[in-house]
Structure formats: C-alpha cells, structure tokens
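*Asks:* Here is a sequence together with a model predicted from it:
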Amino acid sequence: MTETLPIRGGIGADGPFWQALAAGEFRIARCGGCAAWLWPAHFRCGYCGSWDIDWPQVEPVGTLFTWTRNHAVGELLAERRGDLPYVTLLVELPQAGGARVAGVLHGDDTGLAISMTVRGVIRPAEPRAKGYPTMAWEIVR
Amino acid sequence: MSMFRGRTAVVGIGQTPYYKRATSPDPEMKLALRAIVAACDDAGIEPAEIDGFVSYGSERNTGQKLMPGLGTRQLRHAALAWTHGGGIPAAVGLAAQAIVAGQAEVVVVYRAMAEQNFQRLSVAVTQDDTPAQFLANGIDMVLQRSAMRAQRLIEAEGVPAATLEAIAMASYHHAQNNPAANGYGQPLTTEKYAASRMISEPLRLHDCSRENDGAAAVILVSAERAATLKQKPAYLLSCQMGASASGGSREDNHNPYTSVGFLDLAQRLWAESGYGPGDIDVAQIYENFTGMAVSSIIDHGFCTAADAGAFIRLENLIAPSGTLPINTSGGNLADGFIHGMGLVCEAVRQLRGTSTNQVPGARLSLMAGGPGDSVTSTALFGTGDTL
C-alpha cells in the first residue's frame, strides 16, 4: 500500500497504520520529540512542535469505549449491507495514551457493554472495508 | 465592550417549501434565488442591493453564480463557513462581521439543496470528510458516530434514553400546528416512537433527520438600517463559532467525548450577550439526531447530564409554556431539513411574534448549530429591548 490512500477523507497521515496492519502489526502514532501519543495521526506534534512521528507497535487489547449496533447503512457503506446488523465500536487503548480507535465487533456480541475488555483480530483487505486491512475486535470472556 | 453585540440584525427571511428529497420542481440555483428574493420581499429590500453572500460547508450556489439572476450591483463580500451543519449560524456571524467592518451593507445567508442536480447532498457532504479510520470500519461520519455518542451518553453518563424521545416528540408536537411542516398531520406518540425501527442503536427512525429539497435565506443589515425597514429586527446579540483545544477534527478523540462542541462557545456567547441559559425564551436546537440535541442542550448549560432526565421532558420543551421550548416550527426532524437553515428563520419568527408555535413575548431566541461538527457555532438573537 502506498502513502496515497484510496479514501481521501482524512488528512492522509495514517499511511503507516494501514501498512502495519497489512504486515500483521498494530501501530499507533507517537511523537518522536515528546513521546505524546498522537491519535488520529498528524504530520506535526501540536504539543512540542516536532515533525518526527514514530509508529511503535501496540498490543491490540483495549477497553470498549462505546458502540452501536447498526441496522441500516447509507450509500457510503453499501458494501456492509450484507453484514447487517453489525456492531461498530470505539476502543480505548490505555497503553497508547487513551487513544480511541474505531472498529467492527467480531464474533459473539452477547452482553456487549461499555468498559468490557476487547482484543483485536486483524482482518485482511476486503471489499467491505473498502480494500483496506482492518483491526476487528472480539470481547474477551 | 463587544464590537458586534446588537450591531446587526436579520431583517428578512425567505423559504421555499420543503420538498421531499428529489422532488423539487426547480433546480437548486432557482431554489436559492426563490428563497433570497422572498427574503428581500420580506425585508423590503431590492435583490440588486445585496452586496454580500455567505453560506456554509458544501453549499454549491456561490454568490458569483447568483448575482446575474439578482441583478447584483456590486458584490463586495463572499464567504463560506468551513463546516456543514456546524457552519450555521457561523455564516450569520461572518455576515455580521462584514457589515460591522464596513465591507458590505446587505448580506444574504442561505442554503439551497436539491437532489436532482447532484447526488444526495449527504453523500457529497460526507465522502470527502470521512477518514479511512471510519469508512474502512463500517462507520458513517454522521449516523454511526452520532449513535455511538448517544450510547455513551446513556450507558456511561446515565442520561435517560427518554430524553432522546422527548426531543423527537417536541419537534413532532410543534409540527402539528405548522401546516407547512413535513410532519404536519402525523403526530408522534410514545407507542409510535417505540415501534419505529431501529437504525443505529440507540437511534430509531424517529431520532434521525432526513434531508429535503428546498432553500432558505436571511438578510442581515446594520442596526441603523434595520431601524428604517418594515420588519421588527432580530438583533444579533452574539454569534460564536469554533472548537476547543481538544476539539477540531480528531476522529472521536475529542474530550469530553459526549460534548458536541459548545462548551467554550456557550461561555463566550453568554459573556458577549450578557445573558445566560435561564434568560432564554425559546431555542432552535439543531437536531440531526436526537442524542446530539440532548448534548447540545447540556453543553449550553440549560441542564447537566445529571439532571437531563428531569429537564429534557416533552412538557418542558414545548410552546407556549415550557421552560425551554425548542424547535418550534417542527425543527429538522418534523418541519424540514436543509442542514439547519430553516432554524434561523424560525428563531427570527419567534422574535417577530409570527411562529406557528409562538412563545408569548419572546425576547431572547437561541439558534444552536450542527452539534458534533468538528467546528460548530451558536447564536443569540434578541428584540430591541434586549440590547
């Protein structure tokens, strides 16, 4: 995957995140100057002014911050229609400064509740993810 | 002393009907012209006098395209507030700034949208703004993110889910007195709400706004000019736009998470206007989704998360006697949705005394913009005796 990504909505600073997932690794941006976690990734650290962005590997375990079970999706997510209903979530990563990453819940959603521990599972690039590899999350029981 | 407080006023409002999506009889540009000319007629101002054009994110009908149809004598100011629903009322603020700075005298603020000309505007609005982090993970920039916020509000902060229903009920309640509203003749009951299908939990169909075709416009001039015109002026007491240090585009990493961006803005709004939440007679609270409106009410200081359940109840939110009547034309949910522009017209009608759900003697009228946008805005209008 190149630095030029097919989805143009973000600022384009998260190329290494997707490249890492494609290589089977979970990496989050961190300032090379002051070590602040920078999520979502940016080109410059707003805390110390450094242009040096590191991408340390992070264990894909986090806390369920919030979620929704989707029963309908719009045209932008037409590739997901066959998956309905599916659960999307935000996962908080204490080991990465509390960064919150977005994802899809994988597996049984019985008892889903905020503050549960979830563990990431890398899914290969697929059409439902617009050709991106993704980190899906499973409830740790 | 504020340079802007009360120095400008809305003196004309104009709207086309809200047409069901993709059924507008006219192309978008013509809808824009119809609303702008109607606002001029309302104000008693010649359309050719307009010398300033302001709109907000994703508006495609620019001043330069409109001017040949308006006979514009001189275009002196044209600007766009950057965000979508959060850009209104900021666009009103940009208009006022131009007038106070002497850069324009008659400024129109408008929104026009018709699906027949372009793909559904919501797609146009979101496709360039939805980061890969969301889109690759099955998350729409607007619906799913709003649903996840509402879930956190309910599950982690203890705000009762009934507050979402109350927002929807207030809009539909008011629409029953507004024959022009989409929801006119379609009262919403607790049973009907509970039976409406789940879209993105906890949001049901009746928690979600749906785009219409249509256009709306308001005309601003200086307070001096306003005093010479035929309508009762709606003075702009304060209009604040912006984002806090932890806000802006952060892909839901902003804090506090359930804030929809008004905490700092509301403080500045109350400081500049000299009024506070307890003084407000009526409020138009942009409700793209009901949960976002709940957070908007909390952010503005009308209540806290802890007492939201007691405050955000239907009887408290309706004209004429509620503590805070909101969305008195039926709002985005039950009147019509053209990205909140109709709410500005309704905020003005309340000060003129011409709302279909009039709050008796309304003097202070709030319009809160698109909640949860990466930059948002809020405005307070007042009658002459509030200056």
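*Replies:* That came through, no problem.
*Asks:* quick one: contacts for the residue in chain A that chain B sits nearest to?
*Replies:* Minimum separation of chain A from chain B (CB to the nearest CB) falls at residue A:10, amounting to 3.2 Å. Where you see a C-beta, it was placed from the backbone N, CA and C, and this is true even at glycine. Going by CB atoms under 8 Å, 6 or more residues apart in numbering or on different chains, residue A:10 touches A:40, B:131, B:132, B:133, B:251.
*Asks:* and the residue nearest to the spatial centre of chain B, how far is that from chain A?
*Replies:* Residue closest to the average C-alpha location in chain B (CA atoms, centre = their mean): residue B:340, at 3.5 Å. Distance of residue B:340 to chain A, computed by CB to the nearest CB, to the nearest Å: 19 Å.
*Asks:* Can you show me the helices along the chain?
*Replies:* No chain specified, so I'll use chain A. A:15-22 (DSSP state H).
*Asks:* my bad, chain B
*Replies:* Counting by DSSP H, the helices of chain B are B:28-43, B:63-70, B:90-100, B:121-127, B:132-135, B:143-155, B:162-175, B:190-195, B:223-226, B:263-273, B:290-299, B:308-311, B:341-352.
*Asks:* Rounded mean pLDDT for the second one, please.
*Replies:* With pLDDT averaged residue by residue, helix B:63-70 scores 97.
*Asks:* shaky segments in chain A?
*Replies:* Low-confidence segments of chain A (pLDDT under 70): A:1-6.
*Asks:* residue boundaries of the strands in it?
*Replies:* In chain A, the segments counted as strands under DSSP state E are A:30-31, A:53-54, A:61-70, A:86-93, A:99-104, A:117-126, A:132-139.
*Asks:* in its sheet, what does the fifth one sit against?
*Replies:* This points to strand A:99-104. strand A:86-93 (antiparallel) (DSSP bridges).
*Asks:* Return the list of helices and strands in contact with the lengthiest strand in chain B.
*Replies:* Using DSSP E to define each element, chain B has its longest strand at strand B:212-222. Contacts defined by 3 or more CB pairs under 8 Å, 6 or more residues apart in numbering or on different chains; DSSP states H and E place strand B:212-222 against strand B:8-15, strand B:19-20, helix B:28-43, helix B:90-100, strand B:107-113, helix B:341-352.
*Asks:* chain center to that strand: distance?
*Replies:* 11 Å (CA atoms, centre = their mean, to the nearest Å).
*Asks:* residue of chain B with the smallest distance to chain A?
*Replies:* The nearest approach of chain B to chain A comes at residue B:131, 3.2 Å away (CB to the nearest CB).
*Asks:* pretty sure that residue is touching residue A:12, no?
*Replies:* No: here residue B:131 lies out of contact with residue A:12, judged by CB atoms under 8 Å, at a distance of 9.3 Å.
*Asks:* Quick one: end-to-end length of stretch A:40-51, please.
*Replies:* Stretch A:40-51 stretches 15 Å from its first residue to its last (CA to CA, to the nearest Å).
*Asks:* Report whether it contacts chain B.
*Replies:* Yes: using CB under 8 Å from any CB of the partner chain, we find that stretch A:40-51 touches chain B at residue A:40.
*Asks:* Now do that stretch: everything it contacts.
*Replies:* With contact meaning CB under 8 Å, 6+ apart, stretch A:40-51 is reached by A:10-11, A:13-14, A:16-17, A:29, A:31-34, A:36, A:38, A:52-53, B:131, B:133, B:249-251, B:253.
*Asks:* same thing but 7 Å
*Replies:* Outside stretch A:40-51, the residues within contact range by CB atoms under 7 Å, 6 or more residues apart in numbering or on different chains are A:11, A:13-14, A:17, A:29, A:31-34, A:36, A:38, A:53, B:131, B:133, B:250-251, B:253.
*Asks:* do the same with stretch B:160-176
*Replies:* Under the criterion CB under 7 Å, 6+ apart, residues B:150, B:154, B:181, B:183-184, B:187-188, B:193, B:202, B:206-207, B:287, B:290-291, B:293-294, B:308-309, B:312-314, B:317-319, B:326-331, B:333-335, B:357 lie in contact with stretch B:160-176.
*Asks:* quick one: average pLDDT of that stretch?
*Replies:* For stretch B:160-176, the per-residue pLDDT averages 98.
*Asks:* count of residues packed around residue 33?
*Replies:* By default, I'm working from chain A. The tally of other residues near residue A:33 (other CB atoms under 10 Å in any protein chain shown) stands at 16.
*Asks:* other chain: chain B
*Replies:* 23.
*Asks:* Tell me which residues touch it, please.
*Replies:* B:66, B:69.
*Asks:* at 6 Å what do you get?
*Replies:* residue B:69 (CB atoms under 6 Å, 6 or more residues apart in numbering or on different chains).
*Asks:* can you check residue A:69 too?
*Replies:* Residues counted as contacts of residue A:69 (CB under 6 Å, 6+ apart) are A:85, A:87, B:201.
*Asks:* and if we set it to 8 Å?
*Replies:* A:85, A:86, A:87, A:109, A:112, B:198, B:200, B:201.
*Asks:* One more: residue B:75?
*Replies:* Residue B:75 touches B:51, B:52, B:53, B:63, B:64, B:67, counting by CB under 8 Å, 6+ apart.
*Asks:* Return the most buried member of the helices and strands packed on strand B:212-222.
*Replies:* strand B:107-113 (a mean of 29; mean count of other CB atoms under 10 Å in any protein chain shown).
*Asks:* That one - contacts with which helices or strands?
*Replies:* Secondary-structure packing of strand B:107-113 (3+ CB pairs under 8 Å, 6+ apart): helix B:28-43, strand B:52-56, helix B:90-100, strand B:212-222, helix B:341-352.
*Asks:* Same list (those) but as CSV, adding mean pLDDT.
*Replies:* Below are the helices and strands packed on strand B:107-113 laid out as CSV (pLDDT from 0 to 100):
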stretch, mean pLDDT
helix B:28-43, 98
strand B:52-56, 98
helix B:90-100, 98
strand B:212-222, 97
helix B:341-352, 98
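*Asks:* Quick one: the ones you listed as CSV, columns for distance to residue B:281 too.
*Replies:* Output for those, formatted as CSV (distance: least, CB to CB, whole Å):
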stretch, distance to residue B:281
helix B:28-43, 22
strand B:52-56, 26
helix B:90-100, 19
strand B:212-222, 19
helix B:341-352, 7
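*Asks:* Stretch A:68-76 spans what distance, first to last residue?
*Replies:* 17 Å.
*Asks:* Tell me the buried residues in it?
*Replies:* A:68, A:69, A:70, A:71, A:72, A:73, A:74, A:76 (16 or more other CB atoms under 10 Å in any protein chain shown).
*Asks:* and the gap between the fourth one and residue B:147?
*Replies:* Using CB to CB, to the nearest Å, one obtains 10 Å as the distance from residue A:71 to residue B:147.
*Asks:* which residues are in contact with both of the two?
*Replies:* Residues touching both residue A:71 and residue B:147 by CB under 8 Å, 6+ apart: B:199, B:200, B:201.
*Asks:* Of those residues, which belong to strands?
*Replies:* Among the shared contacts of residue A:71 and residue B:147, DSSP E puts B:199, B:200 in strands.
*Asks:* of the shared contacts of residue A:71 and residue B:147, closest to residue B:214?
*Replies:* residue B:199 (22.9 Å; CB to CB).
*Asks:* Tabulate the contacts of residue B:75 (a markdown table), appending neighbour count.
*Replies:* Output for the contacts of residue B:75, formatted as a markdown table (neighbours: other CB atoms under 10 Å in any protein chain shown):
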| residue | neighbour count |
| --- | --- |
| B:51 | 22 |
| B:52 | 26 |
| B:53 | 31 |
| B:63 | 23 |
| B:64 | 11 |
| B:67 | 19 |
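*Asks:* Intersect those residues with the contacts of chain A.
*Replies:* The subset of those within reach of chain A, counting by CB under 8 Å from any CB, is empty.
*Asks:* related to what we said a few turns ago, dump the strands of chain A to JSON lines, plus distance to residue B:220.
*Replies:* Listed next are the strands of chain A as JSON lines, based on distance: least, CB to CB, whole Å:
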{"stretch": "strand A:30-31", "distance to residue B:220": "44"}
{"stretch": "strand A:53-54", "distance to residue B:220": "44"}
{"stretch": "strand A:61-70", "distance to residue B:220": "39"}
{"stretch": "strand A:86-93", "distance to residue B:220": "40"}
{"stretch": "strand A:99-104", "distance to residue B:220": "40"}
{"stretch": "strand A:117-126", "distance to residue B:220": "50"}
{"stretch": "strand A:132-139", "distance to residue B:220": "45"}
